[in-house]
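A.B. asks: The following comprises the amino acid sequence and a computationally predicted model.
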Amino acid sequence: MSYSIRVRIWFPCVVLLGLTGGSLAQAEDWPQWRGPRLDGTSTETNLPEVWAKNKNVVWRTPLPGPAGSTPVIVGNRIFLTSARDPDLLLLCLDTSGKQLWERKVTSGDQTVRGDEGNYASPSPMSDGKHVWCMFGNGILTAFDFDGHEVWRVDLQQVYGKFSIQFGMASTPVLDGDRLYLQLLNSNYALVLALDKATGKEIWRQKRESDARDECEHSYASPTLYHSGNEKYLLTHGGDYIVAHRLSDGSEIWRCGGLNSKAGKYNPTLRFVASPVAAPGLIVVPSAKNGPVLGIDPAAQGNITKEARWHLWSRADNTPDVPSPLVHDGLVYLCRENGVLLCLDAKTGEQLYMERCHSHRHRASPVYADGKLYLTARDGVVTVVQAGRSFKILASNDLGEAVSSSPAISGSRIYLRSYDALYAIANTNNVALAEPPAVAETPIFNGRDLSGWVVEGTKEIKDDSKHTPIWSAADGSIHCAGSGYGFLRLDRQLTDFRFSVEYQMSKGCNSGIGIRGTKFTGPAETRPSFYGYEIQILDDAGKKPDDHSSGSLYRYLAATANPVKPAGEWNTMEVECIGPRIRISINGQPVQDVDQSKVPALAAKPVAGYLSLQNHGKRIEFRALRLVELPAASQTAAAVAPAGRP
């Protein structure tokens, strides 16, 4: 097995305030398929019941191609896989919907069963420092948050060619320092534990089964049972559910009875729906209107015919593709035809069986905020009130094909269609008009410094020659680098987005001033005292601190240092909306802060001047772009603290 490791330090971005449509403060992550507890539930609240393309949609980001994988959300990062024939991709977005990077992981995508799916069906997973993704051709990779590949394993090269009709669609499960996989196909049936840091095998376990034909294929995903001190792995396929010890993969118990051995055996009964675990209960689906079992997690041995370990069972109405959901003492089974069953979790008693939306359902249901969200292939999401009585709250249609399960984080529903990723949230349940066009504000004509004010050192005096510190030519602003001062925009800004490219000289020290005042010489009129200086420094490869590239100089260290060395062009993007400041360098977020929540910053203004710094070293700026935003995120009283000009 070949692998490589790059050791990187990661500083988590803390998302403090959503830009719109729900707060992202202290959001519960959705770090892998089926969420933080692997059961399809979220503790998020204030989620919408109703949406449409012009209502309660915070943003829509087009995607390069279709996939059935579910997005995962960790902090302010969103990861998802996709296909762009013939390539298979990993994408990283932020929670504003902006794509941060895209990586081609492998190629050889295949479409399966017409429009049913492709090799981008397994979902990614993240621990907040790295992200892992697997594709239907067996390529499994780890990336850091900068988009650098850390390791890769070709599972077919290491363990043998797959023989499975529709590709290996099973999603690994991440737990602690390990990835657990089930590779169940006609050539072999293996359960694996891999080191998440290296991809190296920790253990492998051959999984015995008397299944035959297509029943040897499993598209289900492994999961974990965890209650108190008891924790083990569950794999599903080959006519059995099997529990494995995490230490070595050895078998604790197994249960068949999901495909009749005594009667007429169904040779096409492949499993797609995955089991779900809750304290004191494991719900086991089968396929094609087969049985559903409620298993006691304390089971031991082969319990196929051991009634004492069967808490309940039903002979039919299993979900074929959507996985079961358990919440608050109730089991929900969303069948592939849109029929929803609700059972008592203790007894298996059926409380209701009702039709929601008559269409194929491939996504697994999710629960949050007292509601169930059931997603059909035609893009209709039925919202059902959770509880013992059936009530449809809403039916929402985005008009785009969907096969992935919703993900929930930060009071938002992230819904991935074949065409785009949507962020859906309550926006006062008022139909949204088309957002007003926000035009770019010209601030540099490329020829001279009209609209800018030179402050501090204005020129280099050399005998009779006086060279301006600041000059403009050929679309760039040049700083000759002597003395100290600023080139300040001649008017104040409130909410805005600003981007600039810059090229540093060797040993350069400079900065971007935001929310500043007029510099008159005293230190308190510098941006780094009055407002903020975003540090520009020739320090590529160095550990971030509160004086390094991307820091809010003197106050907050950057979360990363993606700056390129002197002589190369860097791009900085700055967004200031109300008290929130977000900064990225070369496409990587380095600051995301709500100044009102940081005691040392709370008294600083939320409006002021933009400036470029002269700190004695040559630097060139180009591609200056400014978009002024409607100041809807603040009150007039918040524009400047009392006593400030």
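C.D. replies: Yep, that arrived.

A.B. asks: domain ranges for this structure?
C.D. replies: 1-30+61-159, 440-638 (automatic domain parsing).

A.B. asks: Could you say which of the ones you listed is packed most deeply?
C.D. replies: Highest mean neighbour count of the domains of the chain: domain 1-30+61-159, a mean of 20 (counted as mean count of other C-beta atoms under 10 Å). No exception for glycine: its C-beta is placed from N, CA and C like everyone else's.

A.B. asks: What mean pLDDT does that domain get?
C.D. replies: Average pLDDT, domain 1-30+61-159: 81.

A.B. asks: Please tell me how far that domain is from the chain's geometric centre.
C.D. replies: How far domain 1-30+61-159 lies from its chain's middle: 8 Å, per C-alpha atoms, centre = their mean, to the nearest Å.

A.B. asks: cool, and stretch 575-590?
C.D. replies: So, by C-alpha atoms, centre = their mean, the centroid of stretch 575-590 is 18 Å from its chain's centroid.

A.B. asks: Same question for stretch 322-339.
C.D. replies: Here the centre of stretch 322-339 is set off from its chain's centre by 25 Å, with C-alpha atoms, centre = their mean.

A.B. asks: ok, now stretch 230-240?
C.D. replies: That offset, for stretch 230-240, works out to 27 Å (C-alpha atoms, centre = their mean).

A.B. asks: how about that stretch: buried residues?
C.D. replies: Buried positions in stretch 230-240, judged by neighbour count with 16 or more other C-beta atoms under 10 Å: 232, 233, 234, 235, 236, 237, 238, 239, 240.

A.B. asks: Name the nearest of these relative to residue 118.
C.D. replies: Nearest to residue 118, judged by C-beta to C-beta, of the buried residues of stretch 230-240 is residue 237 at 20.5 Å.

A.B. asks: Next up, the contacts around the closest one.
C.D. replies: Residue 237 makes contacts with 182, 184, 189, 209, 211, 216, 217, 218, 220, 270, 271, as judged by C-beta atoms under 8 Å, 6 or more residues apart in numbering.

A.B. asks: go again using 7 Å as the cut-off
C.D. replies: Residues counted as contacts of residue 237 (C-beta atoms under 7 Å, 6 or more residues apart in numbering) are 182, 184, 218, 220, 271.

A.B. asks: Show me the shaky parts of the stretch 401-550 of the chain.
C.D. replies: For the stretch 401-550 of the chain, the stretches with pLDDT under 70 are 428-439, 463.

A.B. asks: Residue 394 is nearest to which of the domains of the chain?
C.D. replies: Relative to residue 394, the nearest member of the domains of the chain by C-beta to C-beta is domain 1-30+61-159, separated by 17.0 Å.

A.B. asks: Nearest the middle, which residue of this structure would you pick?
C.D. replies: In the chain, the centroid-proximal residue (C-alpha atoms, centre = their mean) is residue 78; its distance is 1.9 Å.

A.B. asks: who's in contact with that residue?
C.D. replies: When contacts are counted by C-beta under 7 Å, 6+ apart, residue 78 is found next to 71, 93, 94, 95, 414.

A.B. asks: Tell me the one among those nearest to residue 265.
C.D. replies: For the contacts of residue 78, the nearest to residue 265 is residue 71 (38.5 Å; C-beta to C-beta).

A.B. asks: Could you dump the contacts of residue 237 into CSV and include pLDDT, distance to residue 524 and neighbour count?
C.D. replies: Supplementary listing: the contacts of residue 237 in CSV, determined by pLDDT from 0 to 100; distance: C-beta to C-beta, whole Å; neighbours: other C-beta atoms under 10 Å:
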residue, pLDDT, distance to residue 524, neighbour count
182, 98, 63, 29
184, 97, 68, 30
218, 96, 67, 29
220, 97, 64, 25
271, 96, 68, 31
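
A.B. asks: Inside strands: which ones of the residues you listed?
C.D. replies: Using DSSP state E, the subset of the contacts of residue 237 located in strands is 182, 184.

A.B. asks: I'd like the contacts of residue 237 written out as a markdown table, with distance to residue 532 added.
C.D. replies: Below are those laid out as a markdown table (distance: C-beta to C-beta, whole Å):
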| residue | distance to residue 532 |
| --- | --- |
| 182 | 51 |
| 184 | 55 |
| 218 | 54 |
| 220 | 51 |
| 271 | 55 |
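
A.B. asks: Could you pull out the helices in the stretch 101-250 of the chain for me?
C.D. replies: 155-159 (DSSP state H, counting those that start in this stretch).

A.B. asks: In what element of secondary structure is residue 413 found?
C.D. replies: Element membership for residue 413, per DSSP states H and E: strand 412-416.

A.B. asks: For that strand, which outside residues touch it?
C.D. replies: 21-22, 47, 58, 70-71, 73, 78, 80, 373, 402, 404, 406-407, 421-425.

A.B. asks: hey, C-alpha coordinates of it in PDB?
C.D. replies: The C-alpha coordinates for strand 412-416 follow below in PDB (Å, rounded to 0.1, in the frame of the first residue of the first chain):
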ATOM      1  CA  ARG A 412     -30.000  25.700   7.900                       C
ATOM      2  CA  ILE A 413     -31.000  22.800   5.800                       C
ATOM      3  CA  TYR A 414     -28.400  22.000   3.100                       C
ATOM      4  CA  LEU A 415     -30.000  20.300   0.200                       C
ATOM      5  CA  ARG A 416     -28.000  18.900  -2.600                       C
END
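
A.B. asks: Residue numbering should commence at 4 henceforth.
C.D. replies: Noted, 4 is the first residue going forward, which turns the last one into strand 415-419.

A.B. asks: Report the secondary structure element holding residue 293.
C.D. replies: Counting by DSSP H and E, residue 293 is part of no helix or strand.

A.B. asks: can you tell me how far it sits from residue 491?
C.D. replies: According to C-beta to C-beta, to the nearest Å, residue 293 and residue 491 sit 72 Å apart.

A.B. asks: cool, residue 542 as well?
C.D. replies: Distance from residue 542 to residue 491, by C-beta to C-beta: 25 Å.
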